[in-house]
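Engineer: sequence and predicted structure are below.
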Amino acid sequence: MSRSANISSRTNRTAVRRKFYSLSSVLYPLSVFFYLLCTHSAHAARIGDISETTLWDQALRFFTFQDPSVRYALLGSMLLGISCGLLGSFLVVRKMALVGDALSHAVLPGVALGFLWNMSKDPVAIFIGATLAGLLGAGAVHLIKQTTRLKEDTALGLVLASFFAVGICMVTMIQRLPTGNKSGIDKFLFGQAAAIGAADVQLMGVVTGLAVVVIAVFYKEFLVTSFDAGFARAVGLPVQAFHYGLMLLLAFAVVIALQAVGVVLVSAMLITPAAAAYLLTDRMHRMLLLASLFGMMAGALGAFLSFLGNNLPTGPFMVLAATTVFAGAFLFGPRHGVVARWWRQRSRAARVQRENTLKSIYHVLEGRGFQGEGVSLRELAERRRETEEEVHAQARALARHELATLPGEGDALFLTPAGWQTACAIVRNHRLWELYLTHTAQIAADHVHEDAEKIEHVLGEDVVRELERRLNYATKDPHGKVIPAVPVSLGTKSEPTPGYGRG
Amino acid sequence: MADTPPLEIHDLTVAYHKKPVLWGVDLVVPPGKLVGIVGPNGAGKSTLIKAAMGLMPVSSGWVKVFGEPVAKNLRRVGYVPQRESVDWDFPVSVMDVVLMGRYGKLGLFKRPTKADRDKARECLDKVKMLPYANRQISNLSGGQQQRVFLARALAQESDLYFMDEPFAGVDAATESAIIALLHELRAAGKTLLVVHHDLPTARNYFDMLLLLNMRVVAFGPTEEVFNYETLQKTYGGRLTILSEVAEAVRVKG
């Protein structure tokens, strides 16, 4: 018992390790690419005393929290990623993505004011100043919306730009001050994870913890107010309070992310991980988890790449990392991904193609009163008005799906029982639908063929039963042709059909 | 208890941007009735039920539910909003939506329990949507979406229901399923107010009709209220509607 458990845990661990190696083997060339992109010279990164020369050693050193000076940068970047992903998810499902953008730009004057408070980069003063500026911006948007005919998008654009302009002026003024140029306030524009200190990380931890706890405790309230605010109000929930609560948390998340991501790009950290998660799942709680995870990964990776690149601005790297995740979800998402959709479309088209070929075989057989078993490819080509090569390709596709066999020379097709069944089903669907349209919808008999050509491939069993019932189990279609019954119990798939049993 | 009407509205006036959309509405709905709210576009039908539930500010008047101000008695009120009022791409399952009907009873801090899930399943079964419980809501047809909203309202286990156009854009099967459900609820002693846009069916579906056009034109048992004069008053000079009304009255008489 315990031994088997032991073995399984060991195999698990090996599997995990293997997975880790395969992941790192993908990341390694990617990182090298970025490394070459970012560093032209050979000198090591500035954080701490990094003397490792290989990328692997640097990554190891960076991600194992060994170096106290990069520890804060990494930890802070991961924390901000979590809170941004978590709160950004609500922005995405509430269709308020622009609000994040406006909020993040509106905080800049507050950052400058917080700095001016005692001419230093005091995290708490900056936090308070930025939050106040963000809320003032949100209030301005609300005021414009309420008192004028302007709509929300215009109000957001107005506030975003004007607050940002004020912020830029103030930051420039501070940098002109004697002590200002060493202040590091310019880092707030594009972000610098290396500037994160112990006090910053503490604040980030508090804010992220607060966001996680509040969302966890009030999950169902945030869910229903986001999905259906009218209903939420009708069950007695204070919808406005939850809205403002969410906005406040969002302002907090933006403010703690500012230093590492920068004012300009922080909204991308709110939107991008959440958008990627939205494409990958159909459930809110999974979206929250995925978005936090993606945000955390983007934060860590961005900080690392910036560190490799001799402390280049962190914001762009984080956003690029998040965008890479998004591109992955966009292209390779199992349900909504472009590749999956393309694949489904392709296989559907291929199925329709096969079914049409089967239908043509049925028509050829029907044309000669179901005498003889095989259908030569030439007959089929004439029937379908296609070249023999095209028909040959289709015949091979049928053979691959065990719907027909191509024995001997391969110039004649023999349907398998499954193929015969499908052929009958498609012809039946087609003729039933034609009959239904002429009978029930009073459409002329020469107008129904085109429609039936499409419908025949999508009619389900239930609908077919219903059609049969409504048409009193009719046996002839509007053109006087027999509606075939579908042979249900046939033998094994492999043997070629001996005789078709109809005349 | 039997004397207190499920819904009592007194002199209710509602304005959008200072433009009144409902004027001095007085209404006392007796218990156990299926009431249709009928009127032309812009008559304030939806506004009336929203204002009655306290979802929008009112200029004057008051609303009592079972003798108490509506805000205190929301737990006895069930609501089916218009289907178009939500984003059907939202990442929730059918089950998640129906569970929202339990939130009012749960209160803050509490998570839905097994009993709530059982209740939600039961309600889904009543609208024949149980097989879809784990589907994401965007994969549903219009009629199915409407039935999910109904199941959510059922899960509220209320005594007074407001429904905003539950028959809008649904298939015939859903329409008859909804009617059967409304009758079942009425048989259980619930009171239902249903905004309805189709005059000919309104006559057959409801016990009582509220004819509304910014004010109450008529309110009473369907056979008393559904006549040419009141309908003409409600719909004013709209000719197409008038001919529809004439036809409906002709069929009746």
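Structural biologist: All right, it came through fine.
Engineer: list the contacts of whichever residue of the stretch 51-200 of chain A sits closest to chain B.
Structural biologist: Residue nearest to chain B within the stretch 51-200 of chain A: residue A:93 (6.0 Å; C-beta to the nearest C-beta). For every residue, glycine as well, the C-beta is placed using N, CA and C. Taking C-beta atoms under 8 Å, 6 or more residues apart in numbering or on different chains as the contact definition, residue A:93 lies against A:226-227, A:278, A:284, A:287, B:87, B:90-91.
Engineer: what is the nearest of those to residue B:5?
Structural biologist: Distance to residue B:5 across the contacts of residue A:93 (C-beta to C-beta) is lowest for residue A:227, with 32.3 Å.
Engineer: got the phi/psi numbers for the nearest residue to residue A:110 once chain neighbours are set aside?
Structural biologist: Distance criterion C-beta to C-beta, 6 or more residues apart in numbering or on different chains; nearest residue to residue A:110, sequence neighbours excluded, is residue A:133 at 2.7 Å. The phi and psi values for residue A:133, taken as degrees, to the nearest 10, are phi -60, psi -40.
Engineer: what's the burial count for residue A:133?
Structural biologist: For residue A:133, the count of nearby residues is 26 (other C-beta atoms under 10 Å in any protein chain shown).
Engineer: check contacts around the residue of the stretch 151-300 of chain A found nearest chain B.
Structural biologist: As assessed by C-beta to the nearest C-beta, chain B sits closest to residue A:235 within the stretch 151-300 of chain A, at 3.4 Å. Shown here is residue A:235, whose contacts under the criterion C-beta under 8 Å, 6+ apart are A:224, B:74-75, B:79, B:100, B:103-104, B:156.
Engineer: and residue B:59, by the same measure?
Structural biologist: Residue B:59 makes contact with B:13-15, B:20, according to C-beta under 8 Å, 6+ apart.
Engineer: how about the residues of the stretch 251-400 of chain A by chain B?
Structural biologist: Within the stretch 251-400 of chain A, the positions near chain B by C-beta under 8 Å from any C-beta of the partner chain are A:278, A:281-284, A:286-287.
Engineer: tell me the SS of residue B:163?
Structural biologist: Going by DSSP: H, G, I helix; E, B strand; the rest coil, the secondary structure assigned to residue B:163 is strand.
Engineer: how about the residues of chain B that lie near chain A?
Structural biologist: Residues of chain B found near chain A, taking C-beta under 8 Å from any C-beta as the criterion, are B:50, B:53-55, B:71, B:74-75, B:77, B:79, B:81, B:85-87, B:90-93, B:96-97, B:100, B:103-104, B:106, B:108-109, B:111-112, B:136, B:138, B:152, B:156, B:162.
Engineer: now the buried members of these.
Structural biologist: Using 16 or more other C-beta atoms under 10 Å in any protein chain shown as the burial test, the residues of chain B next to chain A include B:50, B:53-55, B:74-75, B:77, B:79, B:81, B:86, B:90-93, B:96-97, B:100, B:103-104, B:112, B:136, B:152, B:156, B:162 as buried.
Engineer: element containing residue A:98, please.
Structural biologist: helix A:97-106 (DSSP states H and E).
Engineer: that helix and chain B, are they touching?
Structural biologist: No: contact between helix A:97-106 and chain B, assessed by C-beta under 8 Å from any C-beta, is absent, since the two come no nearer than 13.6 Å.
Engineer: quick check: buried residues in that helix?
Structural biologist: Of the residues in helix A:97-106, those buried by neighbour count under the rule 16+ other C-beta under 10 Å are A:98-106.
Engineer: what of stretch A:297-310?
Structural biologist: Neighbour count says stretch A:297-310 has A:297-309 buried, by 16+ other C-beta under 10 Å.
Engineer: for chain A, what is the nearest residue in chain B?
Structural biologist: residue B:104 (3.4 Å).
Engineer: can you say which helix or strand has that residue in it?
Structural biologist: With elements taken from DSSP H and E, the one containing residue B:104 is helix B:94-106.
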